[in-house]
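Provided below for reference: sequence and predicted model.
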Amino acid sequence: MNTGRPKGNQKHLDLSARIIIEQHLNNGDSFRSIAIELSKDPSTISKEIRHHSIIRERSADAFAPIPCANNYDSSKPRTNICNVMHMCGDNECRRKCVLCRKFRCSDVCKFYKPRECEKLNKPPYVCNGCSKRTNCMMDKKIYSSKYAQDSYETLRTTSREGINQTPESIQKLDNLLSPLLKKGQSIAHIYASHADEIACSRRTIYSYIDRGVFQARNIDLRRKVVYKQRKRKTTTSLKDRSFRKGRSYKE
C-alpha cells in the first residue's frame, strides 16, 4: 500500500481550486504536485481534467485542413507523404493532391480522416502545457477553469431535477393517493392515516400533483382551487436609488 499518496479532504472542487489546476497545467506540472497543493488525491485531479475539458475545433475556413491520419505512419516517418493524384478529376495535373492549392484533400479525398494527437490519450490529457500548442494544426483539448466550473454547476443542478422515485413507487403512491383525493380528502388527512406508506414529504406530493404525475390533479385539491396564487414580492435594493432622481425631498 502506498502510504505516501496524498489524501483527499472530502470536499468538492471550487472555482479557486480549478484556477490552480489550470495554472499548474499551463506550467506542465504533474497531477501529484497539483494534488499535494489542493490536498486531493491524484485520481481526483485526473478525473476532473478528463471530465471537464473542452475540445476547441478549428474553423472550417482555416488556412490548412487538419492533417490526414492515413497520411502519417509513426512506424515509417519517411514515407508519410501521400502519393494520391487526380482526386479532383483532372487527369492532366502532374501535382500530388497533398500539394494542391486549388482543392483541399479533406474535400475531395474519400480516404481523408482527421488526425488526432496521440498525447491526449495519456496524462495530462490536455494541450495546456504543450510546447507545440501554438503551431499545432489539430483540434486542441483545453482545460478551462471557467468552463469546468460552469459544467460542474450545471451537472449539480440537473442531477437534482426530475422525480427521485422509481416507476413502481410512483404507481404505488398513485394508487393510494388519487382515489382518496378524488373523494375529497386532504393531503394532511391522508398523511395522518397513511404516513407509514408514503415515502416522501407533503411538499413533494404537492409538487408531483402540480406536475401531473398522478391521476389526481390540482382541481381535486379543494383549498388550492379556492386560494389565489401568491405573488412574489419584488424588493428594491438600497443601492439602487436611480428611481428617486429628480424628485423633491417631500416626495
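Nice, thanks for sending it over. Quick caveat, the model's predicted, so the values are computed rather than measured.

Would you tell me which helix is longest in the protein?
If you go by DSSP state H, the chain has its longest helix at helix 167-182.

residues in contact with that one?
163, 165, 187, 190, 194, 197-200, 205, 208-209, 213-216, 220-221 (CB atoms under 8 Å, 6 or more residues apart in numbering). For glycine as for every other residue, the C-beta is placed from the backbone atoms N, C-alpha and C.

now stretch 51-64
18, 66, 125-126, 137-144, 147-148, 151-152.

Check which residues of that stretch are buried.
52-53, 58 (16 or more other CB atoms under 10 Å).

First-to-last residue distance for it?
In stretch 51-64, first residue to last residue: 30 Å (CA to CA, to the nearest Å).

Quick check: mean pLDDT of it?
The average pLDDT for stretch 51-64 rounds to 80.

swap in stretch 116-130?
Per-residue pLDDT over stretch 116-130 has a mean of 92.

what do you get for stretch 157-166?
Stretch 157-166 comes out with an average pLDDT of 81.

Distance from that stretch to the middle of the chain?
Its chain's average C-alpha position is 17 Å from that of stretch 157-166, according to CA atoms, centre = their mean, to the nearest Å.

contact partners of it?
Residues contacting stretch 157-166 (CB under 8 Å, 6+ apart): 170, 173, 200, 208, 211, 213.

By neighbour count, which of those wins?
In terms of neighbour count, residue 173 stands highest of those at 21 neighbours, by other CB atoms under 10 Å.

From residue 64, how far out is that residue?
Distance from residue 173 to residue 64, counting by CB to CB, to the nearest Å: 61 Å.

swap in residue 164?
Taking CB to CB, one finds residue 164 at 51 Å from residue 64.

which of the contacts of helix 167-182 are buried?
165, 187, 190, 198, 205, 208-209, 214, 216, 220-221.

closest to residue 41 among the residues you listed?
Checking those against residue 41 by CB to CB gives residue 165 as the nearest, at 33.6 Å.

on that earlier part again, I'd like the next helix or strand past the longest helix of the chain.
Using DSSP states H and E, the helix or strand that follows helix 167-182 towards the C-terminus is helix 187-194.

Can you list the neighbours in contact with that next one?
Residues contacting helix 187-194 (CB under 8 Å, 6+ apart): 176-177, 180-181, 198, 202, 205-206, 221.

Kindly indicate which of those lies nearest residue 11.
Using CB to CB, the contacts of helix 187-194 come closest to residue 11 at residue 202, 33.2 Å.

For residue 222, see how far away the nearest residue to residue 32 once chain neighbours are set aside is.
In this structure, residue 32 finds its nearest non-sequential neighbour in residue 42, 5.2 Å apart by CB to CB, 6 or more residues apart in numbering. Distance, residue 42 to residue 222, by CB to CB: 60 Å.

For the protein, which segments are assigned as helices?
Under DSSP H, the chain gives helices at 15-27, 31-38, 42-51, 105-108, 145-158, 167-182, 187-194, 202-211, 222-226.

Put together a markdown table for those helices, with distance to residue 88 on each row.
Listed next are these as a markdown table, based on distance: least, CB to CB, whole Å:
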| stretch | distance to residue 88 |
| --- | --- |
| helix 15-27 | 42 |
| helix 31-38 | 47 |
| helix 42-51 | 41 |
| helix 105-108 | 5 |
| helix 145-158 | 40 |
| helix 167-182 | 57 |
| helix 187-194 | 73 |
| helix 202-211 | 58 |
| helix 222-226 | 71 |
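
mind checking which of these is nearest residue 9?
helix 31-38 (8.1 Å).
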